[in-house]
Each structure stands twice: as structure tokens, then as C-alpha cells.
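J.: got a sequence here, can you model it:
(chains A and B)
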Protein chains: 2
Amino acid sequence: MKIDGQSYRSIWLDKENNSLVNIIDQRFLPHELKFVQLKTVDDAARAIKEMWVRGAPLIGITAAFGMYFATLEAKKDTDADTYIRKAAQKLLNTRPTAVNLQWAVKKQLCKIFEINDPSERIKNAFNLACQLKMEDIEVCRKIGKFGIELIEEISEKKAGKTVNILTHCNAGWLACVDWGTATSPMYQAHDKGIDIHVWVDETRPRNQGARLTAWELGEHGIPHTIITDNAGGHLMQHGMVDMCIVGTDRTTITGDVANKVGTYLKALAAKDNNVPFYVALPSSTIDWKIKDGIKDIPIEERDQDEVLSIIGLHEDEIKKVTLAPKKSQAKNYGFDVTPARLVTALITERGICEANETSIKQLFDKK
Amino acid sequence: MKIDGQSYRSIWLDKENNSLVNIIDQRFLPHELKFVQLKTVDDAARAIKEMWVRGAPLIGITAAFGMYFATLEAKKDTDADTYIRKAAQKLLNTRPTAVNLQWAVKKQLCKIFEINDPSERIKNAFNLACQLKMEDIEVCRKIGKFGIELIEEISEKKAGKTVNILTHCNAGWLACVDWGTATSPMYQAHDKGIDIHVWVDETRPRNQGARLTAWELGEHGIPHTIITDNAGGHLMQHGMVDMCIVGTDRTTITGDVANKVGTYLKALAAKDNNVPFYVALPSSTIDWKIKDGIKDIPIEERDQDEVLSIIGLHEDEIKKVTLAPKKSQAKNYGFDVTPARLVTALITERGICEANETSIKQLFDKK
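T.: Down below sits the predicted model:
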């Protein structure tokens, strides 16, 4: 999507040198737009571990390019296979719970070990990384293609008046390669000339909404307003939200949705005020085995420091400030589960379906 | 309540000089505990306007002492009545929408103008300010007396195991003179030896939960944990909250409750998880005329800067940091309305009643 009028992706190959991969160091957004070149396995591992890149799809793609770097480096090593295996482990260790990371690294390992020739390995690993990247873009584009219909429907009902969409956290192009998941229908609607406005939950504690989603939308030219996570209920009570679209980190086969903590509260408010609540997802987030999201999806507990302090800009310098009393402790649950009964529908790359086992299986031809 | 083992109130007369009124300059909490002496009408007006003191009851009491200062100053003025009227106007202008402010200033004006003698006026204004202060303490104490029964009941059901209470914003002693409203049952339960633990919503944008409630509870020795405003739903889904107690700024005769924005979302989650949701209030917050809170209570819209930035401690200095992109705007609604159907009961100084017109009128003998 666009930054200051120019098209970007969250990860891209250098135009002049294919063995250089460019990323945005997202730690400094929205205060500073910083591009970084990754050249080695260590670069890729550090970028993932220190959250220069974040978001499940982008982590996967970055790791895939990391494995391509491994094949380049292995060519100079006496024991290439061991080198590649160690590189894989290094990448896997960066974010132990990230499913896409494991998926991408394992896919690369299979591909790489298919053959012995170092140059062929390099070519194959490069091609696979590029393929995974393009597939991610295509999945996100399709989510938008289906999702835009829901926005258009409301726009028509409102006779072209602004469609107000509420979103939580960042399920945007910065978390993927392009388009994003929850944001893809928004970008496509805006690009098609549909009048939309997005309410962006700031999404404490890490403020991905205020920091990333607001920045994304603003740079692309989409009208948006940041609100505290507390405000959405009031907006919905007063008819100021036409629909909610959020992402998901994990979706049960029954349609329960684990997403950034606070999503459940917005879904409750949407239900209470008859506002449709949509969840956008690539089918890769569907967990085909789990049936009860609240009971069976483990919720990551993160460092309390994220709640007790916050990072922001003070006189052109990025600083961390303490928000709470020294004597107080905090708890920091990263996600919550929104039960399927609160979800109006799921927007996937295959189409839109109801949040229940029958509909999901039907859409994906699984019985 | 206690600060570092010693008993305090949010406003108190100087022990040696009755014409000096001490307050805590709450702007620096929880990072710095700063006491300030008010000596003049201008002092009192500044303390209210610049939010050295905040919370409806404390604003009222501070204004009442401000009017006492007015009688002292008027004694030296050639046109005492005009001086007193101007002082009243100065105080009223500080926070135009604060109901308690108007109530306290008007009460003082009636009392002062009953007689002509300047010394008698001083005595009367002083006595009335003290009386209003003591009445506020008594009302809060009684709210706690009734509210503790609800906590005891749960404690018994749990065979003495920790009762987990969730609260939003600061309806604590810092907002009143002592005890607080929502916190009064908590202080009384803790002082009685009942094992309680409080989940404190940080309450963005002004973070009164993380800054004030957590500090209050910590200083008094009550176990508590700060959480983001997003986390309460997850806690309730997992049985980690036994009851919610919040305050209210305005309560309709039908039991709708206007409180700090985000309260409604917690009430929805409480309902969805069968967690009792109590609202503690002095009867002075009841609006006997309004029947539909969502339709008829005007919601204050505050400066967007409160959402776009935040104040905290950086290397022992209090600093403001920007959280959002420069191009983005924010909306900042200060309150939301929780409909009566989500409120389990109201805890008042007269006792506990259901959140409906019949029960409220019955409790207050109004037909």
C-alpha cells in the first residue's frame, strides 16, 4: 500500500541486488520510517526476534528469506547441511510460539534438502521465499475482494454516505506483505471510491492500532480517527459504527476467534447494538482440531512492563515512560477469544462464511 | 485512607491554622506525592481548574472552602457582597459542567447572605464547608457499610478464598474526601480481614486507574493488579473476576449509569459471564428527571490530545510523550452510559437497591 503517495510492501527485494532484502524497521513507527537491509541469517533472526518485523504472515516470509540467506552462506561452509540446520534452528528460536515461522522454515528445509547442489539449493530457496511472499499477497487481496462486498452493501443502504468501520489492533499490510487481512477490504473500498472512515482502537498495551494501523491508513489516505479501547461501545450505542472488521491469530473449526486482547469486548458491544462483526482471516489461521476456543486456546501472557510503561515521542526522541506506581504489578494477557456466537461472518480468501463448523467446512470442502 | 501507613484525607484543615486548607496535588500522582496549601479563592479556583483536585465530591468540597476564603477576603473589601458574588463566579467558571461544584457554591452563597456581619459570615461559611466535608465522608462510609455485605457473601461462598473485584477508573478516596465510593466496600472489607484482590483497569485516556486507584490501593495495602482496559473480558471468561464495582457520574431514575468511558464494555462482559456488576453512588448523583440515559445524558467530548499522547515518568522526570502519527486525529468521549439492564444493583448511602425506578424510589421514599 502507499506511504506518502508511493507504493510499498512490508518486505521487498533490492532492485539491484537480489541477495538483499529490504524491510521497514517497524519499531520506530509511526514516529520514524526506517528501512533496513537484511543480508544474512543473523540479520533475519534479529529482525524477527527484536520485532523489527511482526505479524504472523510477515514473520513467516522474513524467515523464508532467512533460509534463502542460509543457502547462500552454506555454500561457503564445509558442512553445508549442518549449517542450514543450525540456521533453521536459529530462526525458529526467535519467536517460539509463532506458527507461521515454523511453517515457513519447515517448508524451506524440505525444499532445500531435496537436492544436493549448492547453487540449485540457493535458487530453490529463493524461489520458494518469493512464492510464499506472492501467495501471501494474493490471499490478502482475495480477502479484500470478498470483504469489499460487505462494505459496498452498507454503502448502498446508506445511499453513499460514509461507511464507518471499527477495527482493533493491526491486521494491516505491515503485518503481512501487502493489503493486510482486516484492512484489505478497507483499502480496496477506498481505492474504488467508496466513502469510508475507520475508527482505530489504539489497542493497549502495545498500541498497534494507534502506532501502526493509524499510520498505514493515514499514509494511504484513508480517513480515520484514533479512539481509546474504551470508546467503541459508546460509538456503537450512538450509531457511529456501521460494521467491525478485525483480524485473528487463530480460528477454531467452530468459528471461535483468538485475536488481540479486547476484541471480545468489541464483539459484545457490536452484538448489543446490532452492528455486524466480521473477522478477516487467511485460512492458514484455522485450527482444524480445536472446537472450544475459550477452553482450549492457550493465551500468551506477556511482560507486565508493557502495561506499566509505554513508548512515545518526546521532543523528537523516542522515550519510554512509566505510567503506574512503583509498588503496583500488572498482568498482561496478549489475546482473548471471541466466541463464534458473536461473529457475524468470517471473510477468507475463499469467500465469506458463517462462523460455524458446517459453513467453514463447506467453504473449504472438508468433511 | 492510608498513605505509607499513615491516615490521610484528600483535603484537610491545617492543624495550627484553620484558615489554611491542605490538599494533595493529584497531577503528580503516582510518581510524586505533593501537598499544597490553599489560602485564597484564587488558590481554590486554580486547584479545581488545573485539576490539582478532581472527582465530583472533592471538587465540591474544595469550592466550599474556596467560598470560605471569599468571606475572609471580603472582610477587607469595601463592597463585600460583590466580592463574594465575584468569587462564586470565579469558582463556578473553573469546571462548568461539574454538578457538585455548582451545588456547593450555591449552598455557600445562601448561607453567607443569610446575615450581614462579616465575622459571622466567615464562621458560617467555615462551618458549612466542614459540614459538607463530614457529610461526604459519612456518605462514602455508609456506601462501604452496605457494599461490604456483597463482598462478604462472595467470600463466604468461596470459603474465604480471595474475592477478585474489578473496578474501572478512580471512584476512590482521592475523588472524594475519604473512603471513595466504589472503593469504600473494598477498604472496609480489607480492613475487616476479608481476603480481597482488585483488578484495576488502567482507564485510558487519563489512566486514573493505573495512576490513582492503583496508588490508593497500594498505599493502603490492598492487593491489586493493573490491567489494560482490554483485559477484563478475558479475565471474566476465565472465572478470574467475582464481582465488578464501579462508580458513576450520573444515574438516571431508571437506573442507567453514566460513568467513565469503557464502563459499558465491562458491564457487557460481566453480563455475558454471569459476574455481578455493582455501581456505587452517593444519591446526589441521581438525576430524578432523566429516564433514558443513552438518549438524554450529554457525553462530554474532551481534548484529542489526551488520546494522542500520555504523561509518565522518564528518568525521574514527568514527561509527555506522543503516541500516534502526526497526521492522525483522535476523538475523546469522556463517558459512556451503561443501561440499567446490565447493572446487578446500586450501592447507595441508604442501602442497596435494584437499578430500576421502582426500587430507587422505594429506597429514597420518593413516589
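J.: ranges for the helices of the stretch 1-150 of chain A?
T.: With helices called from DSSP state H, counting those that start in this stretch, the stretch 1-150 of chain A shows them at A:41-49, A:56-74, A:80-92, A:99-112, A:118-157.
J.: so the second one versus helix A:99-112, what angle?
T.: Compare the direction of helix A:56-74 with that of helix A:99-112 by axes from the mean of the first three to the mean of the last three Cα atoms, to 10 degrees and you get 30 degrees.
J.: just how off-centre is helix A:56-74 within its chain?
T.: With Cα atoms, centre = their mean, to the nearest Å as the basis, helix A:56-74 stands 18 Å off its chain's centre.
J.: with the first one instead?
T.: In terms of Cα atoms, centre = their mean, the centre of helix A:41-49 is found 18 Å from the chain centre.
J.: what are the buried residues along it?
T.: A:41, A:43-48 (16 or more other Cβ atoms under 10 Å in any protein chain shown). Backbone N, C-alpha and C define where each C-beta goes, glycine included.
J.: so who does A:A175 touch?
T.: By Cβ atoms under 8 Å, 6 or more residues apart in numbering or on different chains, A:A175 lies in contact with A:10, A:54-58, A:181, A:212, A:247.
J.: distance of it relative to A:K145?
T.: Here A:A175 is placed at a distance of 19 Å from A:K145 (Cβ to Cβ, to the nearest Å).
J.: of the helices of the stretch 1-150 of chain A, which approaches chain B most closely?
T.: Closest to chain B of these, according to Cβ to the nearest Cβ: helix A:56-74, at 19.4 Å.
J.: chain neighbours aside, what residue packs nearest to the closest residue to chain B within the stretch 101-250 of chain A?
T.: Nearest to chain B, among the residues of the stretch 101-250 of chain A, is A:N230, at 2.8 Å (Cβ to the nearest Cβ). Closest residue in space to A:N230, ignoring its immediate chain neighbours: B:G262 at 2.8 Å, by Cβ to Cβ, 6 or more residues apart in numbering or on different chains.
J.: burial count for the one you found?
T.: By the criterion of other Cβ atoms under 10 Å in any protein chain shown, B:G262 has 30 neighbours.
J.: that one and B:T254, how far apart?
T.: Going from B:G262 to B:T254 by Cβ to Cβ gives 22 Å.
J.: in chain A, where is pLDDT below threshold?
T.: Chain A contains residues with pLDDT under 70 at A:366-367.
J.: let me see the contact set for A:L132.
T.: A:60-61, A:64, A:104, A:107.
J.: the helices in the stretch 201-350 of chain A, which residues?
T.: Here the stretch 201-350 of chain A has its helices, by DSSP H, counting those that start in this stretch, at A:208, A:214-220, A:232-237, A:263-272, A:293-296, A:305-308.
J.: so the residue nearest to the spatial centre of chain A, which state does it fall into?
T.: In chain A, the residue lying closest to the centroid (Cα atoms, centre = their mean) is A:A175, at 3.4 Å. Secondary structure, DSSP: H, G, I helix; E, B strand; the rest coil: A:A175 is coil.
J.: how close does the residue of chain A most remote from its centre sit to B:D117?
T.: Within chain A, A:T78 marks the point farthest from the mean C-alpha position, 38.4 Å out by Cα atoms, centre = their mean. According to Cβ to Cβ, A:T78 and B:D117 sit 104 Å apart.
J.: would you agree A:Y333 is in contact with A:V261?
T.: Yes - between A:Y333 and A:V261 a contact is recorded at 5.4 Å, counting by Cβ atoms under 8 Å.
J.: and for those two, which residues touch both?
T.: Both A:Y333 and A:V261 are in contact with B:231, B:234, where contact means Cβ under 8 Å, 6+ apart.
J.: so these two - more neighbours on which side?
T.: Applying other Cβ under 10 Å to A:Y333 and A:V261 shows that A:V261 carries more neighbours, namely 31 against 21.
J.: which residues touch the more buried one?
T.: A:333-336, B:228, B:230-231, B:234.
J.: most surrounded residue in those?
T.: Neighbour max across these (other Cβ under 10 Å) = B:N230, 32 neighbours.
J.: so for stretch A:317-327, what gets flagged as buried?
T.: Under the neighbour-count criterion of 16+ other Cβ under 10 Å, stretch A:317-327 has A:321-325 buried.
J.: coming back round to it: from the contacts of A:A175, list the buried ones, please.
T.: For the contacts of A:A175, a neighbour count by 16+ other Cβ under 10 Å gives the buried set as A:10, A:54-58, A:181, A:212, A:247.
J.: which of the residues you listed sits closest to A:N164?
T.: A:G247 (18.5 Å; Cβ to Cβ).
J.: distance of the closest one relative to A:S184?
T.: Distance, A:G247 to A:S184, by Cβ to Cβ: 10 Å.
J.: how about the contacts made by A:N164?
T.: A:N164 makes contact with A:196-199, A:235, A:240-243, according to Cβ under 8 Å, 6+ apart.
J.: point me to the helix or strand that includes it.
T.: For A:N164, the host element (DSSP states H and E) is strand A:163-167.
J.: can you give me the angle that strand makes with helix A:118-157?
T.: Going by the same axes, to 10 degrees, strand A:163-167 makes 130 degrees with helix A:118-157.
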